[in-house]
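Participant: okay, here's the prediction I keep looking at, along with the sequence it came from:
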Amino acid sequence: MWYYRTIMAGDEVSIDAIRANVQLFSGGTGGIDSWFTVSGDNDSLFARLSTLGANPLTRSQFNQLIALSHQGEVSQGFFEYYWLGAPEHTYDVTHIPKYDEVYTRLDRICSFDHLYWGLYRIYVDCLLYYGSLRYGFGELRSKERSDLDAFFRQRRFDFDAMSQRGPALELSPIAKDNRYLIAEKACKSFDGIGEDSSELLNVLRGAWADHQNRGGGPTTFRKLLNGTYVIQGFAEKQGQFVFAADEVLESVIQSEQELIDKYRNIADTFSGARQAALKNTQIYLSIAADLDVYVATSMRERADFRNMATTCEGIFSHQALKDLNLRYFDPTLSAAVGHEDKGVIECLMVKCAKVLLYCAGTKESFGKDAEAAMALSLGKPVIFFCEEGEKVRFFREVHPLSRLIEFQTGIAVGAMATSSVNEVIILLRRIFENRMEYVLEQPRRGYFRLNEKLTGSTVRFQTNDAMLRETFWNCYHKAS
């Protein structure tokens, strides 16, 4: 009993202090959160909890206390899992408020802090894996210890296996400055439509001939592609051609042969980049079943490809992630034969990846928004990364994609948003190491939010709208 004597010293808590501290757990929505808010006089409950230091709480008495608020009893395994141990979990249970290492050596709840720690964990798990405190507690409370261990083991990432698998096969290198050439706009411009020809070359030749008819003289690729011939005859593709010819846009040309020679130089570079990107896609397909991170982004300009390549390199080559040998999909290194294949490949990668990293650009796009929505709907961790602080607030608090429903379970899920590369790295490490940290809050009675601690982003929530909550859970799994 020396453990209890050690803890109980100076550990008596006043009834008023208990009332104040249990407000976090007092939602009154009909689940375990009704324990402290059931109608009637709770003085006897709070009086009992104020004496835990001198009179520790056994499972039997705990079950009596929750029965008074119409809650079902908990199993011995549940009681042990949440109050008498610090098991390997999907997050670090030792970072939950009020933790003390001595709890793992006890056989009953010996202080109010001890009670608080276990309740906090229960609420986090109910929101994370059930989306409902009432339903989650109802499902978990009767499980035995081995069942709980198995349940959460299935939801952990196998950090050791990731570390021991070694690196994946190497990808074919593509210079950062040339990665824009794997874009579909470039492919459509350079792909051959005849022997030693392409749509871009034919348009350039036509623009040169028109330029000659209008007086001729030295000019640049940019002026040709912005000229009357292209604007009047190929207006819908003019931006595509300008994008593909970015390397030579300011080059001065004085003859058709000089135009062709300079075009061929960039066309050869395109061919090398595209072949490397196609080979890389085969490598990505070979690791699909083992893919860790899918990087979703939209790249409209050459600089976007450079910046995205630099961002991926900065994140995934960081020392903090090296030992994980992460398999990640870098969109600046992959290409497909056509846009249909590209869509199928990217959907497969999102489905297989453990985490999606959404890299915001200057403008949003249907493609990456759809990928983020798909990942959230699959219940995967999603990180929104953007360098602008104001945009982070938009993603965290305004963007409709920041809150979606996991289709299989109906759990409301949210993305994590940050403007810091270092925070992205920390989040990835914590996710795969099963060391995430969460903060539980109840801004309005019955409205529970679970926030990721580092970014403050809401990743789970339970509404206090009784009509919405009850209708949702009554109908969700019936909907076809």
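Facilitator: Perfect, I can see it now. Predicted model only: the values in this text are computed from it and were never measured.
Participant: and the nearest residue in space to Thr94 that is not next to it in sequence, what is it in contact with?
Facilitator: Spatial nearest neighbour of Thr94, chain neighbours left out: Ala86 (5.5 Å); criterion: CB to CB, 6 or more residues apart in numbering. C-beta coordinates here come from the backbone N, C-alpha and C atoms, glycine included. By CB atoms under 8 Å, 6 or more residues apart in numbering, Ala86 lies in contact with 93-94, 99, 101, 103-104.
Participant: phi, psi for Phe25 please.
Facilitator: The phi/psi pair for Phe25 (degrees, to the nearest 10) reads phi -100, psi 0.
Participant: was I right about it contacting Trp35?
Facilitator: Yes: with contact defined as CB atoms under 8 Å, Phe25 reaches Trp35; the gap is 7.2 Å.
Participant: counting neighbours, which bits of the longest helix anywhere in the chain end up buried?
Facilitator: As assigned by DSSP state H, the longest helix anywhere in the chain is helix 256-286. Burial within helix 256-286, assessed by neighbour count using 16 or more other CB atoms under 10 Å, is assigned to 259-260, 262-263, 266-267, 269-270, 273-274, 276-277, 280-281, 283-284.
Participant: now stretch 329-347
Facilitator: Across stretch 329-347, burial judged by 16+ other CB under 10 Å covers 329-336, 342, 345-346.
Participant: of these, which belong to strands?
Facilitator: Counting by DSSP state E, the buried residues of stretch 329-347 place Phe329 in strands.
Participant: looking at the buried residues of stretch 329-347, spot the one nearest Ser132.
Facilitator: Using CB to CB, Glu346 is the member of these that lies nearest Ser132, at 32.7 Å.
Participant: number of residues surrounding the residue lying closest to that closest one once chain neighbours are set aside?
Facilitator: In space, Glu346 comes closest to Glu371 once its chain neighbours are excluded; the distance is 6.6 Å by CB to CB, 6+ apart. For Glu371, the neighbour count with other CB atoms under 10 Å is 24.
Participant: same check on Asp158?
Facilitator: Asp158 has 12 nearby residues by other CB under 10 Å.
Participant: need the pLDDT of Ala9.
Facilitator: At Ala9, the model reports a pLDDT of 41.
Participant: again but with His399, I slipped
Facilitator: 72.
Participant: OK, contacts around the nearest residue to it once chain neighbours are set aside?
Facilitator: Nearest-residue entry for His399: Phe384, 7.9 Å, with adjacent residues in sequence omitted and distances by CB to CB, 6+ apart. Residues near Phe384 by CB under 8 Å, 6+ apart: 358, 360, 372, 392, 395-396, 399, 402, 415-418.
Participant: thinking Phe395 is in contact with Glu388, fair?
Facilitator: No: counting by CB under 8 Å, Phe395 does not reach Glu388; the two are 10.0 Å apart.
Participant: shared neighbours of the two, anything?
Facilitator: Residues within reach of Phe395 and of Glu388 at once, by CB under 8 Å, 6+ apart, are Ala360.
Participant: now the buried members of the contacts of Ala86.
Facilitator: 93, 99, 103.
Participant: quick check: domain ranges of the chain?
Facilitator: 2-156, 178-273, 288-433 (automatic domain parsing).
Participant: adding distance to Pro443, write those out as TSV.
Facilitator: Converted to TSV, the domains of the chain look like this (distance: least, CB to CB, whole Å):
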stretch	distance to Pro443
domain 2-156	11
domain 178-273	44
domain 288-433	13
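Participant: which of those sits closest to Arg445?
Facilitator: domain 2-156 (6.2 Å).
Participant: run the chain-centre distance for that closest one.
Facilitator: What separates the centre of domain 2-156 from the centre of its chain is 29 Å, taken as CA atoms, centre = their mean, to the nearest Å.
Participant: what's Ala417 sitting at in phi/psi?
Facilitator: Phi and psi for Ala417, reported as degrees, to the nearest 10, are phi -120, psi 140.
Participant: in the sheet, who's paired with it?
Facilitator: Phe384 (DSSP bridges).
Participant: list the contacts for it?
Facilitator: Counting by CB under 8 Å, 6+ apart, Ala417 touches 383-386, 392, 395-396, 402, 455, 457.
Participant: just give me the neighbour total for the residue nearest to Arg165 when sequence neighbours are not counted.
Facilitator: The shortest distance from Arg165 to any non-neighbouring residue, by CB to CB, 6+ apart, is to Asn325 (5.8 Å). Around Asn325 there are 15 other residues, counting by other CB under 10 Å.
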